[in-house]
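Curious how this folds, go ahead:
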Amino acid sequence: MRRATARARPSRPPEGLAPREGGRLLKAQALLPRGLRLLFVEGYRPPALQRKYFEEYADQLRTGNPEWPAEQIHSAASRYVSPPDIAPHSAGAAVDLTLADTSGRELDLGTRMNANPEESAGACYTDALNISEEARANRNLLGSVLTAAGLVNYPTEWWHWSFGDRYWAMVTGEATALYGPKEINSQL
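Reported below is the predicted structural model:
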């Protein structure tokens, strides 16, 4: 996975996002204190890649827990990687991001991005208690600007935020999601 670089306040959102999400990221960026930036890491993810990520993690769980039935593997894998048929990244409705200073140095948010629950002892969960005060403050700042811009957080991944997907609809009380998984031009 490639990391984007933090740069001066962007004038346009990253490509491949659902229409309403990009503007919300710009709004959140504008709410950050001077000297801080959103560091966009990943947005749209093709369904085939989502399926690959899900199966790879499920395979890791199967190897480490051979006694688990298939339903338990699927449930545990779903905590960390969204099942392909409902994945918000495949709808362009989700982003993985963090905070950085103006030189692009990532701030401490308690774990590396994409740390799974097993390797981080649950510190990847947004409200984890086993992180430093500095990491907690940075997560709170990230959460406050993204929430103010209308995004919702998937609570097992502090870095995962979305707008318009099924989880967003459930959290906000909307009757339906605005976006669902789709294939888009591979040039994005």
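
Dihedrals phi and psi, the residue nearest the centre of the chain?
In the chain, the centroid-proximal residue (CA atoms, centre = their mean) is His160; its distance is 1.8 Å. Taking degrees, to the nearest 10, you get phi -100, psi 120 for the backbone angles of His160.

Do I have it right that it meets Ala94?
Yes - assessed by CB atoms under 8 Å, His160 is found in contact with Ala94 at 6.2 Å. From N, CA and C alone the C-beta is placed, and that goes for glycine too.

hey, what's in contact with both of these two?
Tyr154 (CB atoms under 8 Å, 6 or more residues apart in numbering).

Just the C-alpha atoms of the biggest helix by length in the chain, please, in CSV.
Looking across the chain with DSSP state H, the single longest helix is helix 47-64. Provided in CSV are the C-alpha atoms of helix 47-64 (Å, rounded to 0.1, in the frame of the first residue of the first chain):
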residue,chain,number,x,y,z
PRO,A,47,-13.9,-5.6,-5.2
ALA,A,48,-11.3,-8.2,-6.3
LEU,A,49,-8.7,-6.6,-4.1
GLN,A,50,-11.1,-6.4,-1.2
ARG,A,51,-11.9,-10.1,-1.6
LYS,A,52,-8.1,-10.9,-1.6
TYR,A,53,-7.6,-8.9,1.6
PHE,A,54,-10.5,-10.6,3.3
GLU,A,55,-9.4,-14.1,2.3
GLU,A,56,-5.8,-13.5,3.3
TYR,A,57,-6.8,-12.4,6.7
ALA,A,58,-9.3,-15.3,7.1
ASP,A,59,-6.5,-17.7,6.1
GLN,A,60,-4.3,-16.2,8.8
LEU,A,61,-7.1,-16.8,11.4
ARG,A,62,-7.7,-20.3,10.1
THR,A,63,-4.0,-21.1,10.5
GLY,A,64,-3.8,-19.7,14.0
